[in-house]
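# build the 3D model from these lines:
(2 chains)
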Amino acid sequence: MRDTRPTVNISFDGVDYEGYVGESVLECARRNGVTIPSLCFLEGLSVWGGCRICVVEVAEGHRLRPACATQVTPDMEIKIETPRLRAYRKSVLELLFAEGNHVCAVCVSNGKCELQDMAVFSGMDHVRYDYQAPRREVDASHPKYVFDPNRCILCTRCVRVCDEIEGAHVWDISYRGEHAELITEMNRPWGDSLSCTWCGKCVAVCPTGSLAYEGRSIGEMEHDPVMIKRLAVARSRGEWLDPEGAI
Amino acid sequence: MAAPIDLHEVMEREREERFRTRWRVKACSSTACLSAGAGATIKAMEDLVERDDMVLEVQVIPTGCMGLCSAGPLIRMMRRGGDEADYRNVTPEAAVEIVRSHVLDEEPVPEYQLDTSMPFFTSQERVVLANGGVINPDRIESYVAHGGYQALEKALTTMKPKAVVEEIRKSGIRGRGGAGYPVASKWSLLAAASGKTKYVVANGDEGDPGAYMDRTIMEDDPHRLIEGIAIAAYATGANQAYIYVRAEYPRAIERLDRAIRVARRNRLLGRKILDTNFDLTVEVRIGAGAFVCGEETALMASIEGRRGTPQLRPPYPTEKGLWGSPTMINNVETLANIAPIISRGGDWFASLGTEKSTGTKVFALAGDITNTGLIEVPMGTTLREIVEDIGGGIPDGKQFKAAQTGGPSGGCIPSKFLDTPVDYDSLRELGSIMGSGGLIVMDEDVQMPDVAKYFMEFSMDESCGKCTPCRVGTVQMHNLLQRLCDGTGSKQDLRDLEHLCSVVRDTSLCGLGQAAPNPVISTLQYFRDEYIALIDQQEVVHA
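Residues are numbered from 1 along each chain as shown, chains lettered A, B, ... in the order given. I've put the predicted structure just below:
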């Protein structure tokens, strides 16, 4: 299908590209094969803008913008790989690693984790900040899935997919600041949830090992976030198309 | 439908009431004086009037804040058509003595008398607080008698909405919430926005530690706020307004609720206001105690009944705000300035203050200073005048060290900049901000890293947790500051702290996170040696 939207000229790190009016910087970059690292963003879900990994420099002002939530404008000069941005991205990742209890060696998602991939991509090889080592209890009350909040980075993909795609809204965030945490229903065990449909979309989209199938061992949990894009595209067009050529 | 209030008739009636007794006692019943015991003082005077049969001689009138909160409870004895005498620290016994002495012997009581010729009173310019210590906040008649609702009447009956915005533009007023965005620009945006439903919101979620400007306005002059909101709504085409007040201000909520009811009964709100075609509903919405809800997108989420977390902008509230409709959010103090601007003209307002920061600003003066309380000065007044003249200097012969403005989003200004005029741009140049009006004075004993740590702890506690840099970065900065303050920090800690300052400032989602490092950045800028000393001390110990 040809895109008939009006176009604008933009550039990523000095290389010219064509963007569509109404498109976000991140979408535009992905379409053109330009990498902007991101974590909380997921195609098919609403934009959250909380992880701050995808911040880019837009030449006209020095304030950084999240690529996921900034629309392309004519002659936009977007910088992605500047020394400042590289350093910031690394620091934000370090903060995420310092915040939770991310121990890759014993994680179900080891080797298949977006947070881990992001750290490798960004060259983050150590954490210079204090590990906060929070005490968080694992919720294994659900017969089919396990929720380990120690590995949660509060990207809210599960919250959004459950609310926007499945329509159940089992997940949400409670408390604030460093005490913010994911809860199911009215902060009751997931297994007691009456609204959960067992659809597993939250597990599919989780970027870390926080949500996993029951019974998976180290490195055995593979997520399937692209499924949501397939679902979203299928719903919006009323037919089962494959946006990635992966079905 | 009842007839609307006749402002001029009410004024006449009130004038008669004013001359009914030979003496009037105005007693401050603002929160600060009440906590100093003003309730008992007022009760004692009312009992005295009753018991000694002085009803025809004296009337006791509870009023709003008189300003010098550190000397409360305050009262003012006013003789019909004549002189006044102010008193400080008035206990119930003292009140009885003062009233008796004035009424029976025509003699003041020097022991408790307050010198109103001191700069604290003479150097102020009261526009927003003009009615403090003058009117009874619970009586709309009292507000009307002092010119209340005349600006609304003028706007509704003689001015087109565009002319009202133009008058505001002429005044040059900038937002009093801290950032200093031109008010007229915001109003024009909402006026130009299309849509049947538009909202005006008064932001009364004042949260800076030690600041209570907005609380005082809402408690002591609720009708001034309502009048400002009504004019703003008329000028921008909105028919629904909310006053967002934090739950920690129960008296403000109570008084606003009552004021709204009374205003509606008098056809100053509701349908066909003052018999014109303008309708406006005003409701109070109560926050649940989160500092971040002062940020406008979080505030709107809270009004809608959702979790109070900031949303990404754009779209800006004037495009897509409450329930998707265009919304304009103004600070309470901004809206309290509107009625005087319309009454006296934008040019008059622009003649106050400096060229780029017009009008006056209310400050809550606190910390190591002789006169703490609420003051209002023209923009551009120097810090020295505020601290040394109005504030009466530092107690116990100590030296001034720094002034903190802007609360957890602001910075510290050292003594070498005491002669800086206090306006939006000068403060920003010094690495601080005007903020909503908290002004904390610190003497030589204060350790600046401690100050930075205090404000960082505040930001850490108040972070909503939505974005990574603010949620985790504030915790880490607090850890580093804690180590430095304990004397166990290293040079690397200081480097990490500085790096985190830029990360959190540049990558956070909303103003709270972006401004959270400011207290650290500004204390490092001016008092770096204190941080270094904390590290050196430790290195000496280890060697």
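# in chain A, which spans are strands?
Using DSSP state E, the strands of chain A run over A:7-12, A:15-20, A:55-58, A:64-66, A:76-79, A:145-147, A:171-174, A:181-184, A:211-213.
# adjacent strands (with direction) for the last one?
According to DSSP bridges, strand A:211-213 has the following sheet partners: strand A:145-147 (antiparallel).
# near chain B, which residues of chain A are found?
Counting by C-beta under 8 Å from any C-beta of the partner chain, the residues of chain A close to chain B are A:47, A:49-53, A:55, A:63-64, A:66, A:69, A:87-88, A:91-92, A:95-96, A:98-99, A:128-130, A:132, A:153-154, A:172-173, A:175-180. (Each C-beta comes from the backbone N, C-alpha and C, glycine too.)
# coming back round to it: format the strands of chain A as CSV; extra columns: mean pLDDT and distance to B:R271.
Shown next, in CSV, are the strands of chain A (pLDDT from 0 to 100; distance: least, C-beta to C-beta, whole Å):
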stretch, mean pLDDT, distance to B:R271
strand A:7-12, 95, 47
strand A:15-20, 96, 47
strand A:55-58, 94, 47
strand A:64-66, 94, 44
strand A:76-79, 94, 48
strand A:145-147, 97, 52
strand A:171-174, 96, 39
strand A:181-184, 96, 44
strand A:211-213, 97, 53
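# dump those to CSV, plus distance to A:E164.
Shown next, in CSV, are those (distance: least, C-beta to C-beta, whole Å):
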stretch, distance to A:E164
strand A:7-12, 28
strand A:15-20, 23
strand A:55-58, 24
strand A:64-66, 19
strand A:76-79, 28
strand A:145-147, 19
strand A:171-174, 11
strand A:181-184, 16
strand A:211-213, 17
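# tell me the buried residues in stretch B:192-208?
B:A193, B:K198, B:Y199, B:V200, B:V201, B:A202, B:N203, B:G204, B:D205, B:E206, B:G207, B:D208 (16 or more other C-beta atoms under 10 Å in any protein chain shown).
# repeat for stretch B:528-538
Buried residues in stretch B:528-538 (16+ other C-beta under 10 Å): B:E530, B:Y531, B:L534, B:I535, B:Q538.
# stretch B:499-509 now?
Burial within stretch B:499-509, assessed by neighbour count using 16+ other C-beta under 10 Å, is assigned to B:L500, B:C501, B:V503, B:V504, B:R505, B:D506, B:T507, B:S508, B:L509.
# filtering those by proximity to chain A, which remain?
Among the buried residues of stretch B:499-509, the ones lying near chain A by C-beta under 8 Å from any C-beta are B:L500, B:V503, B:D506, B:T507, B:S508, B:L509.
# export stretch B:226-234 to CSV, keeping only CA atoms.
Output of stretch B:226-234 as CSV, limited to C-alpha atoms (Å, rounded to 0.1, in the frame of the first residue of the first chain):
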residue,chain,number,x,y,z
ILE,B,226,-13.3,34.1,41.9
GLU,B,227,-13.5,37.6,40.3
GLY,B,228,-10.2,37.0,38.5
ILE,B,229,-11.4,33.6,37.3
ALA,B,230,-14.6,35.1,36.1
ILE,B,231,-12.8,37.8,34.1
ALA,B,232,-10.4,35.2,32.7
ALA,B,233,-13.3,33.0,31.6
TYR,B,234,-15.1,35.9,30.0
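# quick one: secondary structure of the closest residue to B:P119 other than its chain neighbours?
Computed as C-beta to C-beta, 6 or more residues apart in numbering or on different chains, the closest residue to B:P119 that is not its neighbour in sequence is B:D389, at 3.9 Å. Recorded secondary structure, B:D389: helix (DSSP: H, G, I helix; E, B strand; the rest coil).
# surely B:D389 meets B:S123?
Yes - B:D389 is within contact range of B:S123, at 5.5 Å (criterion: C-beta atoms under 8 Å).
# neighbour count winner among these two?
Neighbour count, other C-beta atoms under 10 Å in any protein chain shown: between B:D389 and B:S123, B:D389 has more, with 18 against 15.
# check contacts around that one.
By C-beta atoms under 8 Å, 6 or more residues apart in numbering or on different chains, the contact list for B:D389 reads B:P119, B:F120, B:S123.
# in chain A, which spans are helices?
For chain A, helices defined by DSSP state H occupy the ranges A:25-31, A:83-99, A:114-122, A:157-160, A:201-205, A:226-237.
# which elements pack onto the third one?
If I follow you right, that is helix A:114-122. With contacts taken as 3 or more C-beta pairs under 8 Å, 6 or more residues apart in numbering or on different chains; DSSP states H and E, helix A:114-122 sits against helix A:83-99.
# the inter-axis angle of the helix it packs on versus helix A:114-122?
Angle of helix A:83-99 versus helix A:114-122, following axes from the mean of the first three to the mean of the last three C-alpha atoms, to 10 degrees, is 150 degrees.
# pull the residues that contact helix A:83-99.
Residues from elsewhere that reach helix A:83-99 (C-beta under 8 Å, 6+ apart): A:37, A:51-53, A:55-57, A:64, A:79, A:102, A:115, A:118-119, A:122-124, A:127-132, A:134, A:153, A:178, B:468-469, B:471-473, B:475-476, B:499-500, B:502-503, B:506-507.
# in chain A, what residue is nearest chain B?
Closest approach between chain A and chain B, counting by C-beta to the nearest C-beta: A:A180, at 3.0 Å.
# okay, now the unreliable bits of the chain?
No chain in the question, so chain A it is. Counting by pLDDT under 70, chain A has low-confidence residues at A:1-3, A:60-61, A:242-247.
# not quite, I wanted chain B
For chain B, applying pLDDT under 70 flags the ranges B:538-543.
# chain A contacts on that one?
So chain B meets chain A at B:290, B:292, B:307, B:312, B:460-469, B:471-476, B:479, B:496, B:499-500, B:502-503, B:506-509 (C-beta under 8 Å from any C-beta).
# just the buried ones from these?
Using 16+ other C-beta under 10 Å as the burial test, those include B:290, B:292, B:307, B:312, B:460, B:462-469, B:471-476, B:479, B:496, B:500, B:503, B:506-509 as buried.
# so which of the residues you listed belong to helices?
For those, membership in helices holds for B:460, B:462, B:468-469, B:471-476, B:479, B:496, B:500, B:503, B:506-507, with DSSP H as the criterion.
# and those residues, which two are furthest apart?
Spanning the widest gap among those are B:E462 and B:D496, at 22.6 Å by C-beta to C-beta.
# dihedrals phi and psi, B:Y242?
Main-chain dihedrals, B:Y242, degrees, to the nearest 10: phi -120, psi 140.
# same question but for B:M328, I mixed them up
Backbone geometry at B:M328, expressed as degrees, to the nearest 10, gives phi -120, psi 130.
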